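Colleague: next comes the sequence, and after it the predicted model I'd like to discuss.
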Number of protein chains: 6
Amino acid sequence: MLTDLPVEQLATYRSSQTLPEDFADFWAGTLAEAASHDVDVRLREVPTGLTTVVTYDVTFRGYAGQDIRAWLRVPAGASGPLPTVVQYVAHGGGRGHALASLLWASAGFAHFQMDTRGQGSGWSIGETPDPAVAPPAVPGVITRGIGDPADYYYRRFLTDAVRAVDAARALDVVDPDRVAVFGVSQGGGAAIAVAGLRTDVAAVVSLVPFLCDFPRATRITDGYPYREIADYLRVHRDDVARVHRTLSYFDAVNFARRATAPALFSVALMDATCPPSTVYAAYHEYQGPREMIVWEYNGHEGGGIDDEARALAFLRARLGHPG
Amino acid sequence: MLTDLPVEQLATYRSSQTLPEDFADFWAGTLAEAASHDVDVRLREVPTGLTTVVTYDVTFRGYAGQDIRAWLRVPAGASGPLPTVVQYVAHGGGRGHALASLLWASAGFAHFQMDTRGQGSGWSIGETPDPAVAPPAVPGVITRGIGDPADYYYRRFLTDAVRAVDAARALDVVDPDRVAVFGVSQGGGAAIAVAGLRTDVAAVVSLVPFLCDFPRATRITDGYPYREIADYLRVHRDDVARVHRTLSYFDAVNFARRATAPALFSVALMDATCPPSTVYAAYHEYQGPREMIVWEYNGHEGGGIDDEARALAFLRARLGHPG
Amino acid sequence: MLTDLPVEQLATYRSSQTLPEDFADFWAGTLAEAASHDVDVRLREVPTGLTTVVTYDVTFRGYAGQDIRAWLRVPAGASGPLPTVVQYVAHGGGRGHALASLLWASAGFAHFQMDTRGQGSGWSIGETPDPAVAPPAVPGVITRGIGDPADYYYRRFLTDAVRAVDAARALDVVDPDRVAVFGVSQGGGAAIAVAGLRTDVAAVVSLVPFLCDFPRATRITDGYPYREIADYLRVHRDDVARVHRTLSYFDAVNFARRATAPALFSVALMDATCPPSTVYAAYHEYQGPREMIVWEYNGHEGGGIDDEARALAFLRARLGHPG
Amino acid sequence: MLTDLPVEQLATYRSSQTLPEDFADFWAGTLAEAASHDVDVRLREVPTGLTTVVTYDVTFRGYAGQDIRAWLRVPAGASGPLPTVVQYVAHGGGRGHALASLLWASAGFAHFQMDTRGQGSGWSIGETPDPAVAPPAVPGVITRGIGDPADYYYRRFLTDAVRAVDAARALDVVDPDRVAVFGVSQGGGAAIAVAGLRTDVAAVVSLVPFLCDFPRATRITDGYPYREIADYLRVHRDDVARVHRTLSYFDAVNFARRATAPALFSVALMDATCPPSTVYAAYHEYQGPREMIVWEYNGHEGGGIDDEARALAFLRARLGHPG
Amino acid sequence: MLTDLPVEQLATYRSSQTLPEDFADFWAGTLAEAASHDVDVRLREVPTGLTTVVTYDVTFRGYAGQDIRAWLRVPAGASGPLPTVVQYVAHGGGRGHALASLLWASAGFAHFQMDTRGQGSGWSIGETPDPAVAPPAVPGVITRGIGDPADYYYRRFLTDAVRAVDAARALDVVDPDRVAVFGVSQGGGAAIAVAGLRTDVAAVVSLVPFLCDFPRATRITDGYPYREIADYLRVHRDDVARVHRTLSYFDAVNFARRATAPALFSVALMDATCPPSTVYAAYHEYQGPREMIVWEYNGHEGGGIDDEARALAFLRARLGHPG
Amino acid sequence: MLTDLPVEQLATYRSSQTLPEDFADFWAGTLAEAASHDVDVRLREVPTGLTTVVTYDVTFRGYAGQDIRAWLRVPAGASGPLPTVVQYVAHGGGRGHALASLLWASAGFAHFQMDTRGQGSGWSIGETPDPAVAPPAVPGVITRGIGDPADYYYRRFLTDAVRAVDAARALDVVDPDRVAVFGVSQGGGAAIAVAGLRTDVAAVVSLVPFLCDFPRATRITDGYPYREIADYLRVHRDDVARVHRTLSYFDAVNFARRATAPALFSVALMDATCPPSTVYAAYHEYQGPREMIVWEYNGHEGGGIDDEARALAFLRARLGHPG
């Protein structure tokens, strides 16, 4: 059943999220610190048994110069430079198995799939730790360090995401002018964030994005992972304002206000994990050319493989046909 | 938590399933009728946007000569004859989207993925109807026609599965001596059945198989789809013996008693859908060379992509390296 | 708790369901085809151990001339012609056990209880199959053939329901001028449909009806069986418009727009299976004299035996006292 | 799935319940006190709209001479004396609506359906209060007064049940030599109890009985109402022995050890409310001729209408054909 | 997630509850009858092993002069007269263990914790029975006697609550001019009721109160214990008006309309047990000085220990610092 | 219902947990490193409004010299040295609110309640972070660093627990010869561990302990937090042996094999969080005088306040009466 506003009201819904005055400074400082470390991309080809796709185990330096893992998959025999998809994975998983996620390389793209620090035991394996002081938090990463923007988990994760684009662009097989960012749920939120933090992204695909419109999301859904924040505030009763201040630095609504690359969004009207009004909240603020795919009867699976097919067509149109 | 016997007892568990006297005749007659229709394989290439894999929409004649759909995926530029994987899909789904399931073709195999009659709205789309008189049944296919072996849904489905091997072997790109059958859950049960019904299958991969040991399965799990049978018998209280007679013609335990191709099984000790004793029930009767992968802490997802990686290694060893 | 609009808003709610241009032609053609087969009512008295009620096992020809079963129960010693209740049963069940449903015959009516094709393993037994090509569907009948009005399950079921009135009227014990249609949930939806498809029904009782206002019902409840449609559209994402077109031919809202017999409805304000706005959607379009029983604190059980007591008083008043 | 021991072990299971030394004295004293009040049966015919069954609202004196309600239903025109079914209803309900439960009268029996004190708001209406000091208890009647046999709810209820037989036998329409006791679940437990407390009952039907083998029942099921006892002991941690002593005076296992009338039991192997071993516990102690109907795939619904059909055949055979 | 109106609408929400014309007379008569019995407070010191707090087992006479239990806890060595907290406990529990609830005595108050008649097996032990005729009711006390204000459970319980203040004031250690009433949930509702029924209460603390705004509460939540009323009306379908008339005599909204002592309330915006609009319903009618603590992300736990800390500060300010 | 073996089998159950050869060395090295940092206890009195108890905010150095918080509560006016209870809190919480947990100080003990690193947002607040590299893990601390004993969360937590005893003993108000360790669930597991790691603990109270018998616990319960380990192994399928090796260094079964202080345990036979066999696993290995409190009908709440009352009596007997 519908989990949020009826579709007519979604069309006009605007988020109440505010932009912190020092938002730009906060991120400029954060990214500058990260950029002070060489991105230092290291590749190691891994045997997979596949014949049409070559796979590399990638390590690069992300937040604070910490090592971040990724997979690079390219079509066998491709000489490049190729149009490239940088992917951020959904919450709870990591970059997963080398044999998974063959779509983009099979379609002629270089596919750079970033691992997620500290995640990767929920539904797929990750290999990247999150070195940090971990204050008391609700189980999961969503409230790790939520008391202060400087300590918040997503500061580290989104910085990694920005550096992944640098890492990809540093590779010979990648055409630096044709790098798209792509993700589903948490990955879709990250794609918007990256588009808001740099100007050299050629296209954005953000499917049923998470990390959008925290003031509303934390109040209208019981679904995890947004609910981790409500669970935290249930115990930390006096920290409501402080926590929402932290979140305002990481809300895709605020990144969308700065993003200009062409973007494809999707939303599902029966999504209880990322309620549709929160997706529209980011979409309506988005400053670049934008399209929304609406799935009327889907939950958080959104369009699934149909979303990927649309994304493939969108990126072929935006980045040029690879094949 | 463990859903069934402790592992030491699984090692010695044997099913109480009996073999009907006319089992061989029943299936010989059924397959002879199907073979009286030309398999009539029709291929149509479909545009997918992929560059490394070519995909065909396949139609062939299955049970009663009825049209059955499938996907054929082959590595771009492959001339064949190729080692081939015939796949039967899991319960509730159909052959799905053309863009999905790229593993086998990316690994150099021809991949023939059969659609499932009357299924394909649960988690992936199917295109093949099930033309039949539908007596009163519990929602779902598991009890459709369960009153008589001649009318039972799985008579039609398993005949389609046998004919899919004929259809694959009729293709130029397929090496008829190197055809393996592969499946997960319902597909894994079907793979055992096909191995028990024909002698020209080169290898079998049966992951967390369904359709095994109905006398026990229907009593020890609350999980669907086995529970559809219990739900049926809850209302049709006087039909217990009749229903179990029907099921004995379709139990992988009985097919395993006739199968001789090398086989790889997997089982998960926390699987509530296909409890591990029922998987061992089939495994212990299997007449060919056999291996069992045991996942101690998994549910019905079994080994997931890890199972697929093992299956890839197994089939590369059995059918020859494609690449 | 309330599952839908507050009661004041229910009073003014109107459905958005549209009437297909060829609705009348579609049904005229469908019923004409059915009428081309003789209704051919066959009765067989069954021993029940009862002394006050005589029970017959009935077979008649419904959609496409296919055999449909029913029970006929009459007061022992009744010579007729009697006022008659034609009953359609609720979703998932069949005509059930001969010993059940003694109310109407004990009250002096002839009671003609139609079996439901392909249903009857959920909570009571059915004996009538549904002979049809079954395309991929969500488990259950609600999405069987939903891609086209000509193939849809409810085309067959509602035609049976119309023919059941013909079958009843063909019996000596039945007074053809005093035939009422009666049902709960799916049966209540069928009663409205029959009232919209023929002019010789003397009264209608439609309790907490199903099959009403699909555009709203499929969006505002998570409850089955409406949810089967949402489940279907979750996978068949591109078929939303097509499916709703099919449903418009079977929506009680559209039948109510043509029905003129006196009608008694009931609705429950805490009903999550058939939300109250959808019941009011049909009620507000109903063209004959109408009454609504409102149960403020009930779910889909509605008024239960209290609804039956009201229905008995209503039908005694409309059809004449039997005793 | 099976909720208890496998069927072979059920065949030999014996309860650990002990018989209190003063069990006979306790009940002799209790019933003597009740018998000191005239049973004082009062009948009032109620209009129902039925033509084949006549219904009376009955009041008689039960425990402590308190008024207990009942329905009496007899076939219209019956002069009697009739074979008679005294029914005790299942937990949570009362005697219900006058229009319900037409089976026994329609089959030619006098049907005396006793209301249950203090129950009757869960699924059907009751009219009889339970005047008593109510110590702290888990919501529901199961632990009301459980600290002492003299105060326990079931002392009052079972005394009512015994007196209902006296009340029925006092009626002209009832043949006092052909009175059977009948019940489902709580009613089935009461039927065994009555059979253990008096010698003039002609037959017993106890379907999926409750109130059996408390030592085991309270430990092996999570289902209510047995779980009310576990909930009580969860808080009253030091009262385990005291509570089990109280229960021993009300366990059908102990009544069965004294009962000799021919009895029909039913049991369901997937019953989580009244686990099958507890039913066998009473059955195996039963001292009269006994039959057990076993439903392999049913839960607490047991045989439902099929059980009633069997009960009808059993009582026709034991009490003589009424019609 | 929010369980009720958004916070702006809560600010203006007013209950539709009406005040019965004879409300004042009903309660004047009820309390006069209780006052006709001497309150007869009896104390017995109990050994606890504590060194800083002395504990007494208290018995006094409540409704109809029936004995009601309580704990009295005072700081060791206190000579009094002390500021005093009379506490009513939450639904399902009793006065609990002597070792629990040490806060108020440790803070220098006399703490008079009243047991709840007939409750006290759900989460803490009670010792006080509810002697009454118990008509059929949903399990639990909420619908016990709900058919008539004179018979309703809460008439007895609230009379006990009023008499507890008399009992406390009769003690030497208690300063009669500094008695506050305090409670959480059911206890919070009782505190408002007592404040509305007598003028000598010095302060009121009502945390996430129950017993507020029945017309709305019974319709907007599925949570127990309000749901017991809906469950009752689901079966007693014709009693809706009668039950709501009874409830109007016990609604904290109506007591608030008469209460003038300074009051501290708390409310939780994600409370599904006592939805926030129902708390505001009482708060907005409250006639004395009032403060509301709002917990945005809490359920029915409300502010928990944080609420108690606020209550301690509030009562220290209102009643004078004890230490 | 019982969640584990019947009580007779619990009496003889022995764990299969093995003792790593270097267990003693591992812990000796770990504790030596911690002891190389001064424990550096810092106290700050906090205002609470209490008059009978004085509360201090404590900071001391734990694992790697990192700051750990605690509460110290002492009876007002106590001069010491006092018998002392060092408490470790249950999983998910922190040291909580200063106003909570007044029992021990009110009974005349010094009460040293250690905060739990990285926990303390689930049901009570913590203030102590867990500074560490956090590899991918299931949400929660249970699998944080589980790949290696050196990295595992519980290495840090249990070292803190040992150091808390040093911190307490360093205080003037504490009698170093009368220090007991106490805890419920995770705290109970920690108490056993501390008793196994040092010889100067005067008594141990371990209520329904967690951290016991991982080989069995991870296989027989679905309950969190043990299930976090199963969830981890569900994804990290190849790490079963490695993870169990890590856990063997932290299993209370192995600590019990070295512990000699008098100990009081409790166990609940319906506990699904810490199944009773796992508690008996530690109890049966315990080398000191030991007592077990058995709660037959309780879940993980165990004896609750009744357990605390027993613990109070036990510690008064072992440590001398404080008052």
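Modeller: That came in fine, so what should we check first? Numbers count the residues shown, from 1 in each chain, chains lettered A, B, ... in the order given.
Colleague: longest strand anywhere in chain A?
Modeller: strand A:174-184 (DSSP state E).
Colleague: list the buried ones in that strand?
Modeller: A:174, A:175, A:178, A:179, A:180, A:181, A:182, A:183, A:184 (16 or more other CB atoms under 10 Å in any protein chain shown). C-beta: built from backbone N, CA, C; applies to glycine.
Colleague: contacts only, for residue A:135.
Modeller: A:144, A:145, A:147, A:151, F:118, F:129 (CB atoms under 8 Å, 6 or more residues apart in numbering or on different chains).
Colleague: leaving out chain neighbours, which residue sits closest to the fifth one?
Modeller: It stands for residue F:118. Nearest residue to residue F:118, sequence neighbours excluded (CB to CB, 6 or more residues apart in numbering or on different chains): residue F:130, at 3.0 Å.
Colleague: count the residues that sit near the one you found.
Modeller: 25 (other CB atoms under 10 Å in any protein chain shown).
Colleague: ok, now the one 10 residues further on?
Modeller: Other residues lying near residue F:140 total 23 when counted by other CB under 10 Å.
Colleague: which single residue of the stretch 101-250 of chain A ends up nearest chain D?
Modeller: residue A:222 (24.8 Å; CB to the nearest CB).
Colleague: the buried residues of strand A:174-184: which ones sit near chain B?
Modeller: When CB under 8 Å from any CB of the partner chain is applied, no member of these is adjacent to chain B.
Colleague: Throw those into TSV and include distance to chain C and pLDDT, thanks.
Modeller: Converted to TSV, the buried residues of strand A:174-184 look like this (distance: CB to the nearest CB, whole Å; pLDDT from 0 to 100):
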residue	distance to chain C	pLDDT
A:174	32	98
A:175	32	97
A:178	29	98
A:179	29	98
A:180	23	98
A:181	24	98
A:182	20	98
A:183	20	98
A:184	15	98
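Colleague: point out where chain A drops to low pLDDT.
Modeller: A:322-323 (pLDDT under 70).
Colleague: and the strands in it?
Modeller: Using DSSP E, strands in chain A cover A:42-46, A:53-61, A:67-75, A:82-88, A:110-114, A:130-134, A:174-184, A:203-207, A:263-268, A:290-295.
Colleague: contacting residues around the longest one?
Modeller: Counting by CB under 8 Å, 6+ apart, the neighbours of strand A:174-184 from elsewhere in the structure are A:80-90, A:110, A:112, A:161, A:165, A:168-169, A:189-191, A:194-195, A:200-209, A:302, A:307, A:311, A:315, A:318-320.
Colleague: from chain C, how far off is the residue nearest to residue F:118?
Modeller: In this view, residue F:130 and chain C are 40 Å apart by CB to the nearest CB, to the nearest Å.
Colleague: pretty sure that residue sits against residue F:151.
Modeller: No: at 11.8 Å, residue F:130 and residue F:151 do not qualify as touching, with contact defined as CB atoms under 8 Å.
Colleague: okay, now the sheet partners of the longest strand of chain A, with direction.
Modeller: strand A:82-88 (parallel), strand A:203-207 (parallel) (DSSP bridges).
Colleague: pick the most buried one from these.
Modeller: Highest mean neighbour count of these: strand A:203-207, a mean of 29 (counted as mean count of other CB atoms under 10 Å in any protein chain shown).
Colleague: that one versus strand A:263-268: what angle between them?
Modeller: 10 degrees (axes from the mean of the first three to the mean of the last three CA atoms, to 10 degrees).
Colleague: what bridges to residue A:75?
Modeller: residue A:53.
Colleague: which ones are touching it?
Modeller: By CB under 8 Å, 6+ apart, residue A:75 lies in contact with A:52, A:53, A:54, A:82, A:105, A:106, A:108, A:322, B:51, B:52.
Colleague: longest single helix anywhere in chain A?
Modeller: The residue-count maximum for a helix in chain A (DSSP state H) belongs to helix A:153-169.
Colleague: what packs against that one?
Modeller: In terms of contacts (3 or more CB pairs under 8 Å, 6 or more residues apart in numbering or on different chains; DSSP states H and E), helix A:153-169 is packed against helix A:23-35, strand A:53-61, strand A:67-75, strand A:82-88, strand A:110-114, strand A:130-134, strand A:174-184, helix A:186-197.
Colleague: how about the CA coordinates for the second one, as CSV?
Modeller: This points to strand A:53-61. Below are the C-alpha coordinates for strand A:53-61, written out as CSV (Å, rounded to 0.1, in the frame of the first residue of the first chain):
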residue,chain,number,x,y,z
VAL,A,53,35.2,-9.7,-18.3
VAL,A,54,38.5,-8.9,-16.6
THR,A,55,38.4,-8.1,-12.9
TYR,A,56,40.8,-6.2,-10.7
ASP,A,57,41.0,-5.9,-7.0
VAL,A,58,41.5,-2.1,-6.4
THR,A,59,42.8,-0.2,-3.4
PHE,A,60,42.9,3.6,-3.2
ARG,A,61,43.2,6.2,-0.5
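Colleague: what comes into contact with it?
Modeller: Against strand A:53-61 from outside (CB under 8 Å, 6+ apart): A:34, A:37-46, A:48, A:67-76, A:98, A:102, A:105-106, A:112, A:163-164, A:166-167, B:52, B:106.
Colleague: buried subset of the residues you listed as a PyMOL selection?
Modeller: A single PyMOL command selects the buried members of these (16+ other CB under 10 Å):
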select buried, (chain A and resi 34+39+41+48+67+68+69+70+71+72+73+74+75+98+102+105+106+112+163+164+166+167) or (chain B and resi 52+106)
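Colleague: output the set of residues of chain A in proximity to chain B.
Modeller: Residues of chain A lying close to chain B (CB under 8 Å from any CB) are A:49-53, A:75-76, A:96-97, A:99-100, A:102-103, A:105-108, A:124, A:305-306, A:308-309, A:312-313, A:316, A:322-323.
Colleague: just the buried subset of the residues you listed, please.
Modeller: Those of the residues of chain A next to chain B that meet the buried threshold are A:49-53, A:75, A:96-97, A:99-100, A:102-103, A:105-108, A:124, A:305-306, A:308-309, A:312, A:316, A:322, by 16+ other CB under 10 Å.
Colleague: which residue comes closest to residue A:267 once chain neighbours are left out?
Modeller: Closest to residue A:267 by CB to CB, 6+ apart is residue A:279, at 4.2 Å.
Colleague: tell me how many other residues surround that neighbour.
Modeller: 33.
Colleague: now it: how far from chain D?
Modeller: From residue A:279 to chain D the distance is 40 Å (CB to the nearest CB).
Colleague: OK, contacts around that residue?
Modeller: So residue A:279 contacts A:208, A:209, A:212, A:265, A:267, A:271 (CB under 8 Å, 6+ apart).
Colleague: skipping adjacent residues, who's closest to the first one in space?
Modeller: Just to be clear, that refers to residue A:208. residue A:302 (4.0 Å).
Colleague: that neighbour: what's it in contact with?
Modeller: Residue A:302 makes contact with A:184, A:207, A:208, A:266, A:267, A:268, A:271, A:295 under the criterion CB under 8 Å, 6+ apart.
Colleague: for those, which one is nearest residue A:283?
Modeller: Nearest to residue A:283 among the contacts of residue A:302: residue A:267, at 7.5 Å, using CB to CB.
Colleague: and the closest residue to chain C within the stretch 1-150 of chain A, how many neighbours?
Modeller: Nearest to chain C in the stretch 1-150 of chain A, going by CB to the nearest CB, is residue A:1, at a distance of 4.7 Å. Residue A:1 is flanked by 18 other residues according to other CB under 10 Å.
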